[in-house]
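Student: Task: produce atomic coordinates for the following.
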Amino acid sequence: MDMNDTRNRVKQVIVIRKDLKMRRGKEIAQGSHASMHFITERVRKNAVTFTEQELAWFARGHAKITLQVETLAELEELHQKALDAGIESHIIEDEGVTEFRGVYTKTALAIGPDFARNIDPICSHLKLY
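Tutor: A predicted model of the protein is given here:
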């Protein structure tokens, strides 16, 4: 497989909700939580195995693309499309301790890591962050 072919490149997409008007540091933290979630869940379950795509992502620089949505509905729709396509996807729900007045709030999403050819049909219409 030619890993220089853009369809075979492996990446992870981070999606941030812009409608929440989070402080920049909060957005970065939420995106970081999203990016790491697939790993931390496996560690918690003592089931640390990785797909071919994930191993390639680890070996080739951890490519991440950060995109934005304007609504919770958009975030949840992307998440469901990824799951329906068989792609690793996790929504982050903040506990509301430092923002959101104690209300649990869905803030960010990570899709992948997976091949660009699998992720792009779900996310390519979104604006870069």
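
Student: which residues does Val13 contact?
Tutor: Counting by CB atoms under 8 Å, 6 or more residues apart in numbering, Val13 makes contact with 64-67, 110-112, 119, 123. Using the backbone N, CA and C atoms, a C-beta is placed for each residue, glycine as well.

Student: How about Ile16?
Tutor: Shown here is Ile16, whose contacts under the criterion CB under 8 Å, 6+ apart are 22, 27, 30-31, 66-69, 107-108, 129.

Student: For burial, what's the neighbour tally of the nearest residue in space to Leu20 that is not next to it in sequence?
Tutor: Closest residue in space to Leu20, ignoring its immediate chain neighbours: Thr107 at 6.3 Å, by CB to CB, 6 or more residues apart in numbering. Residues within reach of Thr107, counting by other CB atoms under 10 Å, total 26.

Student: Secondary structure of Thr107: a strand, I assume?
Tutor: Yes - Thr107: assigned to a strand according to DSSP: H, G, I helix; E, B strand; the rest coil.

Student: Gln53 versus that one, what's the distance?
Tutor: From Thr107 over to Gln53 the distance is 25 Å, taken as CB to CB, to the nearest Å.
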